[in-house]
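Chemist: Predicted coordinates and the sequence they were generated for:
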Amino acid sequence: MAETTEISAISLPAPQPAPKLFGTHLGRRKRELLVAFAMLAPSLLGVGIFLLLPLIAVFALSFTRWNLVGQLQFVGFANFSALATDASTWSSLGVTALFALFAVPATLVCGLLIALALNSRIPGSRIASFLFVLPWAAAPLALGVIWQWLLTPSGVLSNPHTALPAMAGIYVWQNAGYVALFFLAGIRTIPSSIMAAATLDGAGAIRRFFSITLPLLRPTTFFVGATSLITAVQVFDLAYGLTGGSPGYPAGSTDLFAAHIYTTAFVSPRIGTAAAMAVMMAVAVLALSAAQWLYFSKYTTFELGVEL
């Protein structure tokens with residue numbers, strides 16, 4: 001028995017070194033990363049040229065005084081200090097706030113009503129959803145020009161009291177269908193068992209809407225509300241088309257902040273001041289985006305504890 005054991009031990013092959021799996025995997029990983037970056041290079045180049053560089057340029061110009069033809073002059077925070085006491089800037093901010101105060105809630109309400117109608121799956125709902133989204137897909141400048149042709153005979157756009165509400169109404173018409181798609185997706189993710197249980201408990205359609213549908217649509221509502229607000233404060237091309245290339249007409253009633261930046265930069269022209277305004281707008285948009293992110297970091301799932 002000892003002899004057999006000795007022969008077996010002698011006949012065993014010598015141990016081979018373990019293959020370098022880690023090195024092979026690391027090399028393959030590097031090759032995959034190189035291929036990925038090579039495929040992303042055109043997009044990254046476009047983002048760098050058309051997004052990052054303009055942002056850097058605007059931020060740098062906000063500390064200068066320049067009229068497009070003269071020499072750049074560094075003025076530090078003088079542009080920001082001047083904006084703090086500039087009456088036209090505050091007036092433009094007020095106009096933008098009024099526009100957003102009407103346009104954003106109206107867009108959400110109309111979008112929710114459209115989503116509820118589409119969710120009923122009435123005949124032709126698919127075609128209707130396409131027609132509702134079609135204005136959002138169209139160019140806002142073209143829509144502004146078309147609506148100007150339609151409304152010019154009525155004088156709505158030449159009246160300081162009706163021009164801004166008309167502009168807000170067109171904004172709602174353009175974006176309500178797009179918002180409705182998000183609400184429709186949110187409604188269709190609500191478990192049908194909850195609605196069935198509420199119906200068995202005697203809850204009517206109105207009670208189910210306010211006690212179940214609206215609470216469970218809270219993440220969707222905040223998302224479309226935040227994105228709509230960010231979009232509303234940046235409206236320019238629609239205002240430019242509606243006013244015939246004269247943002248603020250009539251009597252400054254449609255002088256939205258984005259249009260005010262354009263006028264300051266290319267009509268005055270005060271590039272440094274306009275750049276400072278753009279920085280202010282960017283900070284506001286970032287603040288709204290941060291608020292949105294903070295909300296979604298807390299509410300990532302539906303809240304199913306609903307009282308009937």
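Modeler: Great, that's in hand.
Chemist: Could I get the full set of strands for the chain?
Modeler: 64-65, 73-74 (DSSP state E).
Chemist: so what strands line up beside the first one?
Modeler: Counting by DSSP bridges, the strands paired with strand 64-65 are strand 73-74 (antiparallel).
Chemist: How many neighbouring residues does R31 have?
Modeler: Using other CB atoms under 10 Å, R31 has 10 neighbouring residues. For every residue, glycine as well, the C-beta is placed using N, CA and C.
Chemist: What is the distance between stretch 170-185 and the centre of its chain?
Modeler: 13 Å (CA atoms, centre = their mean, to the nearest Å).
Chemist: Quick one: closest of the strands of the chain to L216.
Modeler: Distance to L216, taken as CB to CB, is lowest for strand 64-65 among those, at 50.8 Å.
Chemist: what comes into contact with the closest one?
Modeler: L72, Q73, F74, V75, A78, N79, R270, I271, G272, A275 (CB atoms under 8 Å, 6 or more residues apart in numbering).
Chemist: Give me the buried subset of those.
Modeler: V75, A78, N79, R270, I271, G272, A275 (16 or more other CB atoms under 10 Å).
Chemist: any idea of the pLDDT on the residue nearest to the first one when sequence neighbours are not counted?
Modeler: Once flanking residues are discounted, V75 sits nearest to R65: 5.0 Å by CB to CB, 6 or more residues apart in numbering. At R65 the predicted local confidence, pLDDT, stands at 94.
Chemist: do A128 as well
Modeler: 83.
Chemist: wait, isn't it in contact with A115?
Modeler: No: using CB atoms under 8 Å, A128 makes no contact with A115, being 11.3 Å away.
Chemist: So between those two, which is more surrounded?
Modeler: Applying other CB under 10 Å to A128 and A115 shows that A115 carries more neighbours, namely 26 against 16.
Chemist: any idea how far G144 is from the residue nearest to A226 when sequence neighbours are not counted?
Modeler: Distances taken as CB to CB, 6+ apart place Q292 nearest to A226, at 4.1 Å, with adjacent residues excluded. Using CB to CB, to the nearest Å, one gets 28 Å for the distance from Q292 to G144.
Chemist: between the two, which one's more packed in?
Modeler: Higher neighbour count among Q292 and G144: G144, with 24 against 17, using other CB under 10 Å.
Chemist: Pretty sure G245 is one of the things that one touches, is it not?
Modeler: No: taking contacts as CB under 8 Å, G144 lies outside contact range of G245: 9.9 Å.
Chemist: can you pull the pLDDT of Y178?
Modeler: 94.
Chemist: residue closest to the middle of this protein?
Modeler: T227 (4.0 Å; CA atoms, centre = their mean).
Chemist: Show the contacting residues for the closest residue to that residue other than its chain neighbours.
Modeler: Closest residue to T227 apart from its sequence neighbours, by CB to CB, 6+ apart: Q292 at 7.8 Å. Applying CB under 8 Å, 6+ apart, we find Q292 in contact with F222, F223, A226, T227.
Chemist: 10 Å - rerun?
Modeler: Contacts were defined as CB atoms under 10 Å, 6 or more residues apart in numbering; by that measure Q292 touches F222, F223, G225, A226, T227, L229, I230.
Chemist: What's the separation between it and R218?
Modeler: 13 Å.
Chemist: now A82
Modeler: 42 Å.
Chemist: Give the closest residue to G169 in space, chain neighbours not counted.
Modeler: A106 (7.8 Å).
Chemist: Now do the nearest residue to S125 once chain neighbours are set aside against L184, distance only.
Modeler: Nearest non-adjacent residue to S125, counting by CB to CB, 6+ apart: L118, 5.0 Å away. According to CB to CB, L118 and L184 sit 5 Å apart.
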